[in-house]
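Undergrad: Got a predicted structure plus its sequence, pasted below:
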Amino acid sequence: MQGKNATATRTTAAAEGDVTVLLIGMRINHFWAVHHWLPVLLAMPRMLRELAKDPERGLLSHVLLTASPRTYYVVQYWESKEKLYRYAHSPDMFHHRAWAIINRKERKGQVRGHVGLWHEAYVVPEGSYESIYADMPAFGLAAAHGRVPLERRGKRARDRFAYRSQKTADAAEGRAEKRAVAPGKAPDGV
């Protein structure tokens with residue numbers, strides 16, 4: 001029996017161009033210090049709700065995950081690194097207030113190692129990612145960018161890695177034309 005919205009085919013993510021991914025999470029270092037880690041644990045769903053209310057902020061999709069009973073994290077897919085930065089630094093958003101609280105506690109020496117925080121951000125250029133989903137609902141990159149039949153991008157991973165959107169192909173062609181003209185020389189026919 002198929003799961004909700006699962007397809008009985010193989011698909012791949014319809015992403016084109018660069019992909020911006022943020023991994024962000026926390027680790028509970030001392031379970032007994034609930035008053036330190038619970039506010040951190042509850043902050044992420046609040047930020048995700050805030051972003052869901054305003055899609056123009058740039059969060060395309062996210063997946064909540066756990067790595068252990070101590071470690072929780074979110075994989076986020078963003079429209080661009082610029083929108084990710086804009087959200088992180090926007091004084092009217094909850095993320096800004098949450099970091100202000102953490103920084104204030106740190107300056108006062110109130111951070112005692114009860115909860116660890118981390119994030120990793122990646123901008124992955126087209127041609128450096130590929131995906132396949134078999135009998136799956138839209139998930140991960142496909143949830144963020146949509147999905148297409150596998151055949152459109154290639155049945156093999158190397159074919160999907162080789163896929164270039166028209167925008168990327170046009171940009172590459174423009175760069176090649178600029179390199180073909182030596183500095184100080186006019187291109188042929190001009």
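TA: Noted; the coordinates are in hand.
Undergrad: in what helix or strand does the closest residue to Glu120 other than its chain neighbours lie?
TA: The spatial neighbour of Glu120 that comes closest, neighbours along the chain excluded (Cβ to Cβ, 6 or more residues apart in numbering), is Leu23 at 4.6 Å. All C-beta atoms are positioned from the backbone trio N, CA, C, and that covers glycine. If you go by DSSP states H and E, Leu23 is part of strand 19-28.
Undergrad: bridging residues for the residue nearest the centre of the chain?
TA: Compute the mean C-alpha point of the chain, and by Cα atoms, centre = their mean the closest residue is Val21, 2.1 Å away. Here Val21 sits in beta bridges with Tyr77, Tyr122, going by DSSP bridges.
Undergrad: ok, it touching Tyr77?
TA: Yes. At 6.0 Å, Val21 counts as touching Tyr77 under the criterion of Cβ atoms under 8 Å.
Undergrad: quick one: low-confidence parts of this structure?
TA: Applying pLDDT under 70 to the chain picks out residues 1-4, 168-190.
Undergrad: Show the residue spans covered by the strands in it.
TA: With DSSP state E as the criterion, the chain has strands at 10-13, 19-28, 59-66, 71-78, 115-124, 133-134, 147-149.
Undergrad: Identify the neighbouring strands of the shortest one in the sheet and state each direction.
TA: Using DSSP bridges, strand 133-134 pairs in its sheet with strand 10-13 (antiparallel).
Undergrad: which other residues reach the strand it pairs with?
TA: 129-134, 136, 140-142, 144-150, 152-153, 160 (Cβ atoms under 8 Å, 6 or more residues apart in numbering).
Undergrad: Got a PyMOL select line for the buried ones in these?
TA: The following PyMOL line selects those of the contacts of strand 10-13 that are buried, judged by 16 or more other Cβ atoms under 10 Å:
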select buried, resi 129+130+131+132+133+136+140+141+142+144+145+147+150+153+160
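Undergrad: how close does the nearest residue to Gly116 once chain neighbours are set aside get to Gln110?
TA: Computed as Cβ to Cβ, 6+ apart, the closest residue to Gly116 that is not its neighbour in sequence is Arg27, at 3.9 Å. As judged by Cβ to Cβ, to the nearest Å, Arg27 and Gln110 stand 18 Å apart.
Undergrad: How about residues contacting the lengthiest helix in the chain?
TA: Ranked by residue count under DSSP state H, the longest helix found in the chain is helix 34-53. Residues external to helix 34-53 that are found in contact with it (Cβ under 8 Å, 6+ apart): 24, 26, 28-30, 57, 59, 62, 64, 72, 74, 87, 93-95, 98, 112, 114-115, 117.
Undergrad: Give me the buried entries from those.
TA: Using 16+ other Cβ under 10 Å, the buried ones in the contacts of helix 34-53 are 24, 26, 28, 57, 59, 62, 72, 74, 87, 93-95, 98, 114-115.
Undergrad: Tell me which two in those are the farthest apart.
TA: Arg57 and His114 (30.2 Å; Cβ to Cβ).
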